[in-house]
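# Model the following, please.
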Amino acid sequence: MPEHSWKLESGQLLIADRNYDAFWFFVWLMKKGCDFCIRLKINQRHLVREFVKQGLKEQIVEMIPGRSAKKKCRQRDLPVLPIKLRLIRVDLPNGEVEVLATSVLDSEKIPADQFGPLYQLRWPVEEKFKQLKFRVNLENWSGKSAMTIFQDVYAKLWSCNLTVWLSEEAERKIEKDNENRQYDHQINWANAFASMKRWVVKLLCGPFIEECLERLTILFLTDLSPIRPNRKYPRNHKKYQREFFMNYKPCT
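Numbers count the residues shown, from 1 in each chain. As a prediction, the model looks like this:
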């Protein structure tokens, strides 16, 4: 079962991307009494391809498990009976088509046109994971033991929380200055986390705490990121293997 299953309770609605497109996962969620809105892989199932080909906005379909899906269900002590799903078509501005599957079959409860914005609500969570993995390097551990990994993870999360807390004064000034700017600006969090990494020891152990706080606030305000509405770039779907090697582990 997914390691985050403890977060799911009956009556909740889970939003997830196409990495969660699995028959056994749909059945498992239904067994827990949870609704879901999950993006499907268009080229993986015949019924999804037919749905896109017909050009329908929504359709209730019966998903029948294949041999592999039945095997995975039995491994998890789940039923292997067909399930009913509601497919929703979402047309993107660039011409691409996304297909969402939901267990909410009642169109009056959640109309089809609300599923596109609903699915986009997952972005802040995904951006936070990207921030932790690539900006904070959460997976770059200084050792292999469980204790070391726990120490590294908690230390980096604590440092992130401290950065956000200390940035409140800078954010108030940015919000005031935004009134006279063409675009609203925000803190460049990549640089903010990097600055905190260099200053956190001086901040906690040095004699000049007030000077450190002032210096950090100046650093937060020096490099800002403009918020340009509706700016989009083509997505690069190439996958790069990013690894951290123990023989090049950090010293601090």
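# how about the helices in the stretch 51-200 of the chain?
67-75, 115-120, 123-130, 146-166, 168-177, 189-205 (DSSP state H, counting those that start in this stretch).
# before we move on, which element is the residue nearest to S167 when sequence neighbours are not counted in?
The shortest distance from S167 to any non-neighbouring residue, by CB to CB, 6 or more residues apart in numbering, is to F220 (5.3 Å). The C-beta positions use only the backbone N, C-alpha and C, and glycine is treated the same way. Using DSSP states H and E, F220 sits within helix 209-222.
# Tell me which residues of that helix come out buried.
In terms of neighbour count (16 or more other CB atoms under 10 Å), helix 209-222 has its buried residues at C212, L216, T217, L219, F220, L221.
# Is it possible to get a markdown table of the residues you listed that adds pLDDT?
Converted to a markdown table, these look like this (pLDDT from 0 to 100):
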| residue | pLDDT |
| --- | --- |
| C212 | 86 |
| L216 | 89 |
| T217 | 89 |
| L219 | 89 |
| F220 | 90 |
| L221 | 90 |
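# can you list the residues you listed in CSV and add distance to W158?
Formatted as CSV, the buried residues of helix 209-222 follow (distance: CB to CB, whole Å):
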residue, distance to W158
C212, 17
L216, 16
T217, 20
L219, 19
F220, 18
L221, 23
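# Can you tell me which of these lies closest to G95?
F220 (39.8 Å; CB to CB).
# Surely the closest one and F193 touch.
No - applying CB atoms under 8 Å as the test, F220 and F193 come out as separate, 10.8 Å apart.
# who wins for proximity to E96 among the helices of the stretch 51-200 of the chain?
Evaluated over the helices of the stretch 51-200 of the chain, closeness to E96 peaks at helix 115-120, with 12.4 Å, by CB to CB.
# any idea of the mean pLDDT in that closest one?
What helix 115-120 shows for mean pLDDT is 92.
# For stretch 75-83, output the C-alpha coordinates as PDB.
These are the backbone C-alpha positions of stretch 75-83, laid out as PDB (Å, rounded to 0.1, in the frame of the first residue of the first chain):
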ATOM      1  CA  GLN A  75      -1.400  -9.400  -3.900                       C
ATOM      2  CA  ARG A  76      -3.100  -6.600  -1.900                       C
ATOM      3  CA  ASP A  77      -6.200  -8.600  -1.000                       C
ATOM      4  CA  LEU A  78      -8.400  -6.400  -3.200                       C
ATOM      5  CA  PRO A  79     -11.500  -7.400  -5.300                       C
ATOM      6  CA  VAL A  80     -11.000  -7.900  -9.000                       C
ATOM      7  CA  LEU A  81     -14.500  -7.000 -10.200                       C
ATOM      8  CA  PRO A  82     -14.900  -4.300 -12.900                       C
ATOM      9  CA  ILE A  83     -15.400  -0.700 -11.600                       C
END
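# Okay, the residue nearest to S167 and L203: tell me how far apart.
According to CB to CB, to the nearest Å, F220 stands 13 Å off from L203.
# Name the spans of the stretch 151-252 of the chain whose pLDDT lies under the cut-off.
Under the criterion pLDDT under 70, the flagged ranges of the stretch 151-252 of the chain are 232-243, 248, 250-252.
# what are the pairing partners of the biggest strand by length in the chain, and which direction each?
Assignment by DSSP state E gives strand 83-91 as the longest strand of the chain. Using DSSP bridges, the strands paired with strand 83-91 are strand 58-63 (antiparallel), strand 97-102 (antiparallel).
# Just the buried positions in the last one, please.
Okay, so that is strand 97-102. Buried positions in strand 97-102, judged by neighbour count with 16+ other CB under 10 Å: E98, V99, L100, A101, T102.
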